[in-house]
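S.K.: structure, please.
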Amino acid sequence: MNLLWGTLLIVLLITWILLYQKSVHQYSGLAKLRMEVIRLQRIAPPMLYLLEKVRVSQRLPLFFFKIQRSIRRINGQQHGGEYTMLFLAEMLSYSYLLLIGGCLISLVMEGEASGFFISTVLAVLLPIALIKDLHSKVKRREQQIILELPELLNKIVLLVGAGSTVQQAIKQCLERKRGQETHPLYRELFQMQRECEGGYSFPQALEGFSKRCGIQEVSAFTTAVLLNFRRGGNDFVLALRDLSHTLWEKRKAVGKTLGEQASSKLVFPMVLLFLIIVILVGTPAFMIMDL
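M.R.: Numbers count the residues shown, from 1 in each chain. This next block holds a predicted model:
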């Protein structure tokens, strides 16, 4: 059995080396891209080469589109296809490394197949876990935007009611949020401000902001602004206040959901703590009864 695992290990290593030599220069540009969920991009070229040869975007278009949509929401609209390929290559790289590790474990265990079997199971489950983690990050990003948007809208309503234009009100709000540029909502708003300064009209920049966020509540906000900001006056303020009330209700619902999730996460530690207390208290009693 050691010969089998040694041969398989050598085949996996030689295959990876040959693919790396063939693809490292072809995908050197992709290796320079930076993304939060990608950590193995330096060894991604072999998997990128395989994905391109398999034509995953054409053979699995629905799967590819779902991953791409989630990645664009996290990392922006630019280079969406490249980031998607890198993420898929990351999944395959982890699986490939697990298979190599499984062969090594089986060799160390003197031919036992259990090490390779466990690694194979992990090689299948880990990509699924990475996809679920990606979708959970998208959902968390949406929740962060929904929680912050009503407060931003309230400030805009106050500033517009005091005589500012919407564009000036947004600019004043962003000046006070210079330290929160990593927040998903303000990151997109700062991008919108840079586009306005770069020559885009305010409606164009606002539409781009709405597309990048990809959330219904943000679309409602931008629609209300685009329909009313030219007219201004009391009608505009009333429209924003009505939208603000709706967004606050949505924020309450999201806050309630987060509270329920937090309480459910505490159930297991509480049960575990209860069992430990029962064991600590009950063990001396049983010992006394046996005596």
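S.K.: use CA for all of it now, contacts and neighbours both
M.R.: Fine.
S.K.: please, where are all the helices along the stretch 1-150 of the chain?
M.R.: For the stretch 1-150 of the chain, applying DSSP state H, counting those that start in this stretch gives helices covering 2-23, 45-54, 56-59, 61-75, 80-108, 114-161.
S.K.: including mean neighbour count, mean pLDDT and distance to L174, could those go into CSV?
M.R.: Listed next are the helices of the stretch 1-150 of the chain as CSV, based on neighbours: other CA atoms under 10 Å; pLDDT from 0 to 100; distance: least, CA to CA, whole Å:
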stretch, mean neighbour count, mean pLDDT, distance to L174
helix 2-23, 15, 84, 44
helix 45-54, 19, 87, 39
helix 56-59, 13, 84, 39
helix 61-75, 17, 84, 21
helix 80-108, 21, 86, 27
helix 114-161, 17, 85, 9
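S.K.: of all these, which one comes closest to F236?
M.R.: F236 sits nearest to helix 114-161 of all those, at 8.7 Å, using CA to CA.
S.K.: which residues does the helix or strand following that closest one contact?
M.R.: Scanning forward in sequence from helix 114-161 by DSSP states H and E, the next helix or strand is helix 166-175. If you take CA atoms under 8 Å, 6 or more residues apart in numbering as the criterion, helix 166-175 is touched by L152, K155, I156, L159, V160, Y186, L189, F190, Q193, F202, V225, F229.
S.K.: hmm, try it at 6 Å
M.R.: Outside helix 166-175, the residues within contact range by CA atoms under 6 Å, 6 or more residues apart in numbering are I156, L159.
S.K.: in JSON lines, list the helices of the stretch 1-150 of the chain along with distance to G198.
M.R.: Shown next, in JSON lines, are the helices of the stretch 1-150 of the chain (distance: least, CA to CA, whole Å):
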{"stretch": "helix 2-23", "distance to G198": "38"}
{"stretch": "helix 45-54", "distance to G198": "35"}
{"stretch": "helix 56-59", "distance to G198": "34"}
{"stretch": "helix 61-75", "distance to G198": "21"}
{"stretch": "helix 80-108", "distance to G198": "23"}
{"stretch": "helix 114-161", "distance to G198": "23"}
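S.K.: and K252, which of the ones you listed is closest to it?
M.R.: So among the helices of the stretch 1-150 of the chain, helix 114-161 is nearest, using CA to CA, at 8.4 Å.
S.K.: could you give the separation of the closest one from the chain centroid?
M.R.: Computed by CA atoms, centre = their mean, to the nearest Å, the chain-centroid distance of helix 114-161 equals 4 Å.
S.K.: that helix vs helix 166-175, what angle?
M.R.: Taking axes from the mean of the first three to the mean of the last three CA atoms, to 10 degrees, helix 114-161 and helix 166-175 form an angle of 130 degrees between their directions.
S.K.: other SSEs contacting helix 114-161?
M.R.: Judged by 3 or more CA pairs under 6 Å, 6 or more residues apart in numbering; DSSP states H and E, helix 114-161 is in contact with helix 80-108, helix 233-265.
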